[in-house]
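**Q** here are the coordinates; sequence isn't available:
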């Protein structure tokens, strides 16, 4: 994990969210495909990461539309990894 994000630059957390009642958020969903790691210095540099996990991408422009993600989502948990 530390080779992916320097903990000196901020804590590493995993957050879970729930869409608020009555809100709809357009998303694109799919399975993460196999990808070659190209980050210089990564312990996985040059290796292929298998993927296979579900991912969701919000199709919104909250930062440009004068809307805030907090109007749509409630944070339900936050776990600090490092």
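**A** Arrived safely, thanks for sending. Just so it is clear, the structure is predicted and the values come from calculations on it, not from any experiment.

**Q** Can you tell me who residue 17 pairs with across the strands?
**A** Legend: beta-bridge partners of residue 17 under DSSP bridges are residue 75.

**Q** ok, it - how many residues close by?
**A** Applying other CB atoms under 10 Å, we find 15 other residues in the vicinity of residue 17. Heads up, the C-betas are built off the backbone N, CA and C, glycines and all.

**Q** Could you pull up the residues touching residue 58?
**A** Residue 58 is in contact with 25-27, counting by CB atoms under 8 Å, 6 or more residues apart in numbering.

**Q** now the residues you listed: which count as buried?
**A** With neighbours counted using 16 or more other CB atoms under 10 Å, those contain no buried positions.

**Q** hey, where'd the strands end up in this protein?
**A** With DSSP state E as the definition, the chain shows strands at residue ranges 13-19, 27-31, 35-36, 48-49, 54-58, 73-80.

**Q** For the second one, enumerate the helices and strands it packs against.
**A** With contacts defined as 3 or more CB pairs under 8 Å, 6 or more residues apart in numbering; DSSP states H and E, the packing partners of strand 27-31 are strand 54-58.

**Q** do the same with the third one
**A** Other elements packing on strand 35-36 under the criterion 3+ CB pairs under 8 Å, 6+ apart are strand 48-49.

**Q** Low-confidence stretches in the protein?
**A** Applying pLDDT under 70 to the chain flags the ranges 1-7, 65.

**Q** Farthest from the middle of it: give me that residue.
**A** Relative to the centre of the chain, and counting by CA atoms, centre = their mean, the farthest-placed residue is residue 22 at 23.4 Å.

**Q** ok, that one - contacts?
**A** The neighbours of residue 22, taking CB under 8 Å, 6+ apart as the test, come to nothing; the list is empty.

**Q** how much space is there between it and residue 45?
**A** The spacing between residue 22 and residue 45, counted by CB to CB, to the nearest Å, is 45 Å.

**Q** One more: residue 54?
**A** Distance of residue 54 to residue 45, given as CB to CB: 25 Å.
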